[in-house]
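Chemist: Here is a sequence together with a model predicted from it:
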Amino acid sequence: MTAAPLADAPTAPEADGVLVPVEVHFDDLDALGLLHNARYPLLVERAWGAHWAGLGHTYAGDWHAAGDACNAVKEFRITYELPVTRTGKYVVHLWLERLGRTGLTYGFRLCSADGIATHARGHRVLVRLDPDTMRPAPWTEEFRDAARPLLRA
């Protein structure tokens, strides 16, 4: 998965952020043929993981080597708007609402493949952690530089 600048999406309704392709598989659907509610956050997480991995920020089992990828979720909120009723290609629209010293808030929408119809939206708050103390730690300047283009105006 690679992130596409939102400007490349046809008539995208929101101008900030990136669109990251995701795929819904048959086993993601529940007994009614709808995307299971627990799969929405998973698709968002996979999209963010793909986006940051493309910028060199990954976690491979070592908190010290992870750098800015050593973080934890403080809050997650999601609103389901339009059921996903089919397998196939979709996109997750990602942006940053706030980039603080040790935390950030990102927004997301799970969208149709063209980025127009919104199936779910929400936000998640992350806190960067010191790997020794597991207490909040500042984001590196490298990470902040990579994150700034995603900030909403």
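Modeler: Perfect, I can see it now.
Chemist: The spatially closest residue to residue 36 that is not a sequence neighbour: neighbour count?
Modeler: Excluding its sequence neighbours, the residue lying closest to residue 36 (Cβ to Cβ, 6 or more residues apart in numbering) is residue 30, at 4.4 Å. Any C-beta I mention is one placed from the backbone N, CA and C, and that applies to glycine too. Residue 30 has 11 neighbouring residues, counting by other Cβ atoms under 10 Å.
Chemist: quick one: residue 30 from residue 117, how far?
Modeler: Distance from residue 30 to residue 117, counting by Cβ to Cβ, to the nearest Å: 20 Å.
Chemist: which residues of the protein score low on pLDDT?
Modeler: Along the chain, the model assigns pLDDT under 70 to residues 1-15.
Chemist: and the closest residue to residue 26 other than its chain neighbours, how far is that from residue 27?
Modeler: The shortest distance from residue 26 to any residue other than its chain neighbours is 5.5 Å, reached at residue 87 (Cβ to Cβ, 6+ apart). Residue 87 is 9 Å from residue 27, where distance means Cβ to Cβ.
Chemist: Between the two, which is the more surrounded one?
Modeler: residue 87 (15 against 8).
Chemist: what sits against that one?
Modeler: 23-26, 28-29 (Cβ atoms under 8 Å, 6 or more residues apart in numbering).
Chemist: repeat that with 10 Å
Modeler: 23-29, 33, 35 (Cβ atoms under 10 Å, 6 or more residues apart in numbering).
Chemist: How about residue 45?
Modeler: Counted by Cβ under 10 Å, 6+ apart, residue 45 has contacts 73, 76, 92, 108, 124.
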